[in-house]
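Novice: Model the structure of this input:
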Amino acid sequence: MTVRPPPIYLDHNATTPIRPEARAALVAALDTGGNPSSVHGVGRGARATVERCRRRVAGVFDVAADRVTFVSGATEGNALALAGAKTVLAGATEHDSVAAWAHETLPVSAAGTIDIDRLAARLATMTDPGAVVVSAMAVNNETGVINPIGEIAALCREAGVRLHCDAAQAVGRLDLAGAVAGADIVTLSGHKFGGPPGIGVVVVPGGPVPAARMRGGGQEGGRRPGTENLPAIAGFHAGFDAALAAFEAGDAERLGVLRDRAVSAIRSAVPEAIVAGEGASGVGNTLCVSMPGVKAETQVMAFDLEGVALSAGSACSSGKVRTSPVLLAMGFDADTAGTFIRVSLGWTTTEADIDRLVDVWRRLHARLAPGENGVVRGAA
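Specialist: From the prediction side, this is the model:
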């Protein structure tokens, strides 16, 4: 009987497995319990846990603690940041949780970064800049491409427009504070860096704090009513610490080496394979690569049968495999865009995982890629 190797997980941009430190902190907080708003000792202990995490995040961004608001994740954080704006200008490669609030879409370059010249031209025409928010993600979730937030922030500041930055994919992959410097509102999500799901933060380094979108409680200074998720906040804190420590220890570079190893091996087998965003500044954990002639959904299913978990784009498409709006915005035609998969590495990824990815990629290409008659075998 053939023994199948254990599955490997290469979908860290969708969600990263919880780090041991985060799990331990979450479980400890579950065992301790308590409502942070209660005045008795247990409640005060819970409050202390919440405020320690708040101060930790605030310290990274060098802001006052009351500029940090706990929410359920980046999607809620993005909504809190953008819902009250009269006009939202969002990059064409933004996550759906931002795109849903956009009144106008900002074009991007072929590399996937916001077109700075066209942004400047649009901002110059704004008649009510105080009512406008520009939204630009720090790191694209599908390609790993890094937006020039500093340049975008300078343009927004000059125009009197606020800048929101979804930095969900930046924690542990970049110098976080430097990557979002100049942004007025920043959103993070715990499960993207090894914290638990269901917890995120909105950080407001500049300008007014967004008004609450719900009513009925004074938690979070009235900015986000509802009992704070104590166990998730404890896990967020521990995961955040661990992710930042791993970055300082060089884990982002380690993942970049592994990613480049995969690219080199795939290209040696299939030189025409395309890497989206290649040549642009990007994080080392993300590889968005085409298998020419083979549909992404076919690849994802075939990889899954081989025990390799990866995706064809944003997991927030709720399980759907669709042609990536990100790749279309970067100028790929629909047929080509439909052949890319996303491989995203993380703290659990090893050299053996990459070797297995490449081995499976080569075998699937040999089996699924169009033959001499040009028939796309994965199209059925």
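
Novice: Show me the beta-bridge partners of the residue nearest to M126 when sequence neighbours are not counted.
Specialist: Leaving aside its chain neighbours, M126 sits nearest to V132 (5.7 Å; criterion: CB to CB, 6 or more residues apart in numbering). No exception for glycine: its C-beta is placed from N, CA and C like everyone else's. Each beta-bridge partner of V132 is listed here: T87, as defined by DSSP bridges.

Novice: got the contact list for V132?
Specialist: Under the criterion of CB atoms under 8 Å, 6 or more residues apart in numbering, the neighbours of V132 are 85-89, 126, 161-162.

Novice: pLDDT value on it, please?
Specialist: At V132 the predicted local confidence, pLDDT, stands at 96.

Novice: Nearest to L176 among the contacts of V132?
Specialist: The nearest member of those to L176, counting by CB to CB, is R162 at 19.8 Å.

Novice: Verify the stated contact: the closest one with A136.
Specialist: No - the criterion here is CB atoms under 8 Å, and R162 misses it with A136 at 11.5 Å.

Novice: Looking at these two, which is more packed in?
Specialist: Summary of the neighbour comparison: R162 and A136, criterion other CB atoms under 10 Å, with A136 having more neighbours (28 against 25).

Novice: Which strand or helix spans A81?
Specialist: Assigned by DSSP states H and E, A81 falls within helix 74-82.

Novice: Geometric centre of this protein: which residue is closest?
Specialist: Centrality entry for the chain: nearest residue to the mean C-alpha point is Q169, 3.1 Å, by CA atoms, centre = their mean.

Novice: Need the three-state assignment for that one.
Specialist: Local secondary structure at Q169 is given as coil here, using DSSP: H, G, I helix; E, B strand; the rest coil.

Novice: Return the residues in contact with it.
Specialist: With the criterion set at CB under 8 Å, 6+ apart, Q169 makes contact with 13, 137-141, 144, 192, 283, 286.

Novice: May I see those arranged in JSON lines, with neighbour count as well?
Specialist: Supplementary listing: the contacts of Q169 in JSON lines, determined by neighbours: other CB atoms under 10 Å:
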{"residue": "N13", "neighbour count": "30"}
{"residue": "M137", "neighbour count": "27"}
{"residue": "A138", "neighbour count": "24"}
{"residue": "V139", "neighbour count": "27"}
{"residue": "N140", "neighbour count": "30"}
{"residue": "N141", "neighbour count": "28"}
{"residue": "G144", "neighbour count": "28"}
{"residue": "K192", "neighbour count": "29"}
{"residue": "V283", "neighbour count": "25"}
{"residue": "T286", "neighbour count": "26"}
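
Novice: Just the ones of those in strands?
Specialist: Secondary structure assignment by DSSP state E places T286 of the contacts of Q169 in strands.

Novice: rewinding a little: from the contacts of V132, which is closest to P197?
Specialist: V88 (25.8 Å).
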